[in-house]
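# I would like the atomic coordinates for the input below:
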Amino acid sequence: MTLLSYAMLPSPDPLQAGGTATLTLIVSNSGRQVVTVASIAVTLPVGTNAKDLTADASGIQSQLPPGWNVSQSGGELTLRPATPEAARVAGGGLSFVFARIRLNNQPGTVAVAITETASSPAQPAPQPRTATLALYKFPPQFQVSELSAGALVVDAGGTATLLWTGTTGTYRMQYSPGNGPRVDVPVGNTGPYTTQPLFRTPNVVFTLAVSVTVPGQDQPLVTQRQLAVDVRALTIDRFDILPPVVPVNGVAKLTWRTSNAASAIIQPGSHRVAPNGSLYVVVAGTQVFTLMALDGAGNPVTEQKTITADPSMTVNAERWISDGRDGLPGQTGAAGAPGAPGGTGGPGQGGTGPGVIVLAVPGLDLTGMNGRVRLASSRGGHGGPGGQGGPGGPKRGGYGGHGADGGSGGTLTVHFTHVPGSLPGQLIVDVSGGKAGDGGPGGGGTPPGDRGDPGRPGPAGVVRIVDEGQSAAEAGRRMAAVPRRIAARSDTLGGYALLEEPGDDGMLMLTLSVSGAADVESLVVPLPLLSRPDGWMAVQGDDSTTLTPPAVPCAGGATFTFMPVAARPAITLFETAGGQTRTAFFSGG
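Reported below is the predicted structural model:
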């Protein structure tokens with residue numbers, strides 16, 4: 001066994017009978033001890049047979065490392081160091097080039113003999129040792145291209161498409177994808193080939209092994225092409241919670257970003273989420289949340305964060321409730337004269353807002369670790385119903401008067417102000433605009449006169465939220481816990497709000513926040529569900545999701561995240577409780 005390692009690189013690759021070749025001899029030292037070389041003899045078989053390399057070894061040109069000489073006798077080239085420094089071969093290795101070799105016309109396998117005379121500290125006496133290198137001369141018409149790929153970088157769990165072209169032969173694709181056994185499959189002499197899912201990082205090396213059978217030869221001629229495809233690893237780049245401390249049954253926001261994940265799961269709860277996104281959660285008690293990112297084969301990477309529920313963060317004693325004044329109903333229309341239509345009812349009076357609500361909340365910075373919670377409840381006044389149409393005249397043919405339109409709901413304007421130097425806390429608000437006034441019913445007609453048309457409902461009141469923060473960044477943190485969209489009209493028992501989160505792709509993530517719905521039997525939302533808390537059941541229909549609460553609903557409420565939408569939709573939520581169905585309407589736009 002030789003002290004040094006040897007490899008022969010042919011050019012062109014593969015060699016073709018009858019052509020001209022260049023051979024590069026690579027000499028390397030894979031051991032820890034320096035090897036001192038006296039000589040290296042390379043014997044190229046000379047003759048006209050398939051096992052011979054060349055019929056005429058004259059004219060071979062050599063390119064040598066500094067400090068080396070070469071002498072030639074027929075097909076034997078003997079390499080000798082000219083200086084003691086050149087004779088010492090360490091880890092760097094050497095390369096020798098033999099050019100303008102005229103190959104004979106017979107395809108076949110050639111055995112190149114290497115005779116090494118060298119010594120090392122472990123074997124100080126120089127002595128000859130031999131090695132044999134195989135070279136393959138292919139038929140002149142044989143061709144095979146380099147191996148290429150549609151993409152040289154794929155995500156973990158992705159596939160690559162490999163391309164090549166070649167003439168007749170036997171082709172096999174060999175590689176280790178990272179999961180399961182090594183792949184060794186037959187392929188055609190021309191691509192493409194789609195790989196199995198790739199998981200081995202940082203790369204997967206593909207080998208296209210080609211063999212050609214030559215008549216009269218015991219062994220086929222072999223060559224190969226190789227290509228490395230980089231595989232990007234599955235990672236969790238960030239997993240943040242805001243705030244890290246909430247009151248009991250408080251709301252927190254989880255935000256995460258991953259690389260090369262196919263999907264992700266948030267636990268506890270049945271939260272199957274996108275690889276990048278955010279999720280609002282209700283925290284009944286101190287809870288550890290686990291983000292599990294999954295690649296295409298379901299292999300996980302996990303990270304955990306804890307949200308603390310601090311009982312000392314309690315609602316202020318002064319619970320502030322302020323409502324606007326409801327509108328008065330419109331007057332009933334006058335009765336018609338004999339045989340004439342009844343009069344139109346009077347319009348309902350609009351509800352009023354309670355004025356401008358100023359919530360001077362101490363410590364709205366949600367990054368804080370302690371403080372108090374203020375609960376404010378306020379709404380605009382309800383619009384008054386429209387007046388009923390007057391009855392038709394007493395004679396035959398008197399039509400009933402038309403009902404009047406209902407009054408508009410009151411609008412609520414809320415200002416958030418900052419109290420400098422105050423302790424941090426979390427703001428919980430319950431605000432809504434006034435309900436629309438119903439349209440007045442039509443007046444009755446005198447047969448055969450018809451009843452008058454009913455009036456239309458008035459417009460619903462809205463909520464305007466004004467933030468007077470010291471900076472945009474601070475304002476963003478304060479608003480993080482405030483419902484972004486509050487029901488414009490609602491007669492539900494529970495409280496519902498839509499939290500809107502724009503994604504990097506321009507899509508809108510909607511989260512439904514539910515509170516105070518202990519008696520609710522079911523909720524129907526016209527959106528496809530993405531995630532839900534533990535205990536809740538979800539049934540997906542063609543155009544809606546039915547949510548059923550657990551036997552013992554969480555007193556603090558729940559949050560549900562829906563599939564992203566391209567634009568803000570108008571949504572009507574149906575709440576069933578006590579056998580009666582009520583609705584909450586969220587306007588679009």
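# report the contact partners of the closest residue to Phe96 other than its chain neighbours.
In this structure, Phe96 finds its nearest non-sequential neighbour in Leu25, 4.4 Å apart by Cβ to Cβ, 6 or more residues apart in numbering. (Glycine included, C-beta is placed from N, CA and C.) By Cβ atoms under 8 Å, 6 or more residues apart in numbering, the contact set of Leu25 is 6-8, 42, 95-98.
# I'd like the distance between Leu25 and Asn189.
According to Cβ to Cβ, to the nearest Å, Leu25 stands 31 Å off from Asn189.
# quick one: which of the contacts of Leu25 is nearest to Pro177?
Closest approach between those and Pro177, by Cβ to Cβ: Ala7, at 27.1 Å.
# which residue packs closest to that closest one, ignoring adjacent ones?
In space, Ala7 is closest to Ile26, 4.4 Å off (Cβ to Cβ, 6+ apart).
# now do the contacts for the one you found.
6-9, 93-95.
# and the host helix or strand of Val185, what does it pack against?
According to DSSP states H and E, Val185 maps onto strand 183-187. Here strand 183-187 touches strand 170-175, going by 3 or more Cβ pairs under 8 Å, 6 or more residues apart in numbering; DSSP states H and E.
# tell me what the strand it packs on is packed against?
Counting contacts by 3+ Cβ pairs under 8 Å, 6+ apart, strand 170-175 packs against strand 183-187, strand 203-212.
# which ChimeraX command selects the buried ones in the contacts of Leu25?
Selecting only the buried entries of the contacts of Leu25 in ChimeraX, with 16 or more other Cβ atoms under 10 Å as the criterion:
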select :6,8,42,96,98
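# the contacts of Leu25 in strands, which ones?
Judged by DSSP state E, strands contain the following of those: 6-8, 42, 95-98.
# tell me the spacing between Asn29 and Ala122.
For Asn29, the distance to Ala122 - Cβ to Cβ - is 13 Å.
# between those two, point out the one with more neighbours.
More crowded of Asn29 and Ala122, by other Cβ atoms under 10 Å: Asn29, with 20 against 9.
# contacts for whatever helix or strand comes next after the strand holding Val185?
The element immediately downstream of strand 183-187 (helix or strand, assigned by DSSP H and E) is strand 193-194. Contact partners of strand 193-194, identified using Cβ under 8 Å, 6+ apart, comprise 159-162, 173, 187.
# and the residues you listed, which are buried?
Buried by 16+ other Cβ under 10 Å: 159-160, 162, 173, 187, out of the contacts of strand 193-194.
# between those residues, which sits nearest Ala262?
Distance to Ala262, by Cβ to Cβ, is smallest for Thr159 among these, at 12.6 Å.
# enumerate every residue touching the closest one.
By Cβ under 8 Å, 6+ apart, the contact list for Thr159 reads 194-198.
# against Leu198, how distant is it?
Taken as Cβ to Cβ, the span from Thr159 to Leu198 is 7 Å.
# tabulate the buried ones among the contacts of strand 193-194 (JSON lines), appending distance to Ala151.
Shown next, in JSON lines, are the buried ones among the contacts of strand 193-194 (distance: Cβ to Cβ, whole Å):
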{"residue": "Thr159", "distance to Ala151": "9"}
{"residue": "Ala160", "distance to Ala151": "6"}
{"residue": "Leu162", "distance to Ala151": "10"}
{"residue": "Met173", "distance to Ala151": "17"}
{"residue": "Val187", "distance to Ala151": "19"}
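# turn those into CSV, columns for pLDDT and distance to Ala149.
Output for the buried ones among the contacts of strand 193-194, formatted as CSV (pLDDT from 0 to 100; distance: Cβ to Cβ, whole Å):
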residue, pLDDT, distance to Ala149
Thr159, 91, 10
Ala160, 95, 5
Leu162, 97, 5
Met173, 97, 12
Val187, 97, 14
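# kindly indicate which of those lies nearest Val248.
Nearest to Val248, judged by Cβ to Cβ, of the buried ones among the contacts of strand 193-194 is Thr159 at 48.5 Å.
# what are the phi and psi angles of the residue nearest to Phe96?
Leu25 adopts backbone torsions of phi -90, psi 120, taken as degrees, to the nearest 10.
# roughly how far apart are it and Leu79?
8 Å.
# so what's in contact with those two at the same time?
42, 96.
# next, Glu85: secondary structure please.
Counting by DSSP: H, G, I helix; E, B strand; the rest coil, the backbone at Glu85 sits in helix.
# neighbours of Leu23, just the number please.
By other Cβ under 10 Å, 21 other residues sit near Leu23.
# residues contacting Trp309?
Actually, residue 309 is Ala. It isn't Trp. Counting by Cβ under 8 Å, 6+ apart, Ala309 touches 245-250, 283-287.
# I meant to write Ser62 there.
If you count contacts by Cβ under 8 Å, 6+ apart, Ser62 has them with 70, 77, 96-99.
# ok, the helix or strand where it lies: who's next to it in the sheet?
Per DSSP H and E: Ser62 is located in strand 61-63. When sheet partners are counted by DSSP bridges, strand 61-63 sits next to strand 94-102 (antiparallel).
# so Ala99 sits against Leu77, correct?
No - taking contacts as Cβ atoms under 8 Å, Ala99 lies outside contact range of Leu77: 11.8 Å.
# now do the shared contacts for those two.
Common neighbours of Ala99 and Leu77 (Cβ under 8 Å, 6+ apart) are 60, 62.
# the more surrounded of the two?
Higher neighbour count among Ala99 and Leu77: Leu77, with 20 against 15, using other Cβ under 10 Å.
# excluding its backbone neighbours, what's nearest that one?
Leaving out its chain neighbours, the residue that sits closest to Leu77 by Cβ to Cβ, 6+ apart is Val42, at 4.8 Å.
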